[in-house]
Every structure is written in structure tokens, then in C-alpha cells.
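J.: only geometry, no sequence info:
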């Protein structure tokens, strides 16, 4: 099963679902596709689309999926990486009114350059990324939380 999550941004992200739908129609995606669409109101017979999931159900789909396709939100990306999933991330773009700015471009680019995920940018070929995902071995994600806590504690202690 492929799990697609578009986050909870209050703007639509039809562009990503349309690309996935086209790959299903071409036969490049044969697995069941379950979507957490948020505010995206895309209609198709090819995917099982839900508005939002409770945390437990969302976590279940993350754990069970063979591939996570997501927007460029840090929370969604980290959910996949923490569960050792292959992630294809596509940034929302402001020029399509998918977000207020293009910060997701930088987020996806950084994770991709670090070897943690596959980036699906506007002019990329999704069918090639899906093929690459079958053999892609992401680097192990290492949280920086402990370092951040130490920085904050040191700041508090010294002020």
C-alpha cells in the first residue's frame, strides 16, 4: 500500500494527486493508494481519499505502507523517516496557491541532499521516482532533538 499525506495546510494540493492518479492510469502504480488529503478536494476512482485521520490511524498507515508520498511538510517527512520508510516528498508551491511561500522547496531539497528521501519537484518524472523508490536506501535518520534540548538548557542556565 502507498500512503499519501498532504498535511493539514488549508490550501489544496491537487497537483500532486493528479500526478499520482496519472501514474495509476499508466499502470506504473499497481498498489492500493490511501490518501490523507486535508483540504484538497480531488475526486478519483483510483485512490481511497480521506479528509483526515486520527493520530492512531495515521500512524498505522505510516507503519504499513511500502512507500510514503508526501508534501514537503517537516512533520509528515519525519513521520516517514522515523518509521524507516522510503519517502517521496513534493513541495507545495506558492505560485499555484498551494502555500503562502516556498519554504517547502528548501525543506525537501535539504532532506534530499542528505540522502534521506527522494524529491519530486515540479518538472521531475514521477514514474522514474517510483521506480527509483523500489531500490532507494535512505540514510538512517538521526534526530537532533537531544542537541536542541541541551542548547536550550544551556541558554536558560546562563541567563
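T.: Structure received. Every value quoted in this text rests on a predicted model; they were computed, and no experiment measured them.

J.: Kindly provide the distance from the most centrally placed residue in the chain to residue 2.
T.: The structure's the chain has its C-alpha centroid closest to residue 70; by Cα atoms, centre = their mean the separation is 2.0 Å. Noted for residue 70: a distance of 11 Å to residue 2, by Cβ to Cβ, to the nearest Å. Glycine gets a C-beta too; all of them are placed from N, C-alpha and C.

J.: which residue sits closest to residue 117, ignoring its sequence neighbours?
T.: Distances taken as Cβ to Cβ, 6 or more residues apart in numbering put residue 87 closest to residue 117, at 4.0 Å, once the chain neighbours are dropped.

J.: sorry, that was for residue 82
T.: In space, residue 82 is closest to residue 141, 6.4 Å off (Cβ to Cβ, 6+ apart).

J.: quick one: contacts for the one you found?
T.: Listed by Cβ atoms under 8 Å, 6 or more residues apart in numbering, the contact set of residue 141 reads 78, 81, 82, 116.

J.: Tell me which two in the residues you listed are the farthest apart.
T.: 82 and 116 (11.0 Å; Cβ to Cβ).

J.: More neighbours: which of the two?
T.: Applying other Cβ atoms under 10 Å to residue 82 and residue 116 shows that residue 116 carries more neighbours, namely 19 against 11.

J.: ranges for the helices of the chain?
T.: 14-26, 55-64, 74-82, 103-113, 126-133, 145-157 (DSSP state H).

J.: by contact count, what packs against the first one?
T.: Using 3 or more Cβ pairs under 8 Å, 6 or more residues apart in numbering; DSSP states H and E as the contact definition, the elements that helix 14-26 packs against are strand 2-5, strand 33-36, strand 67-71, helix 126-133.
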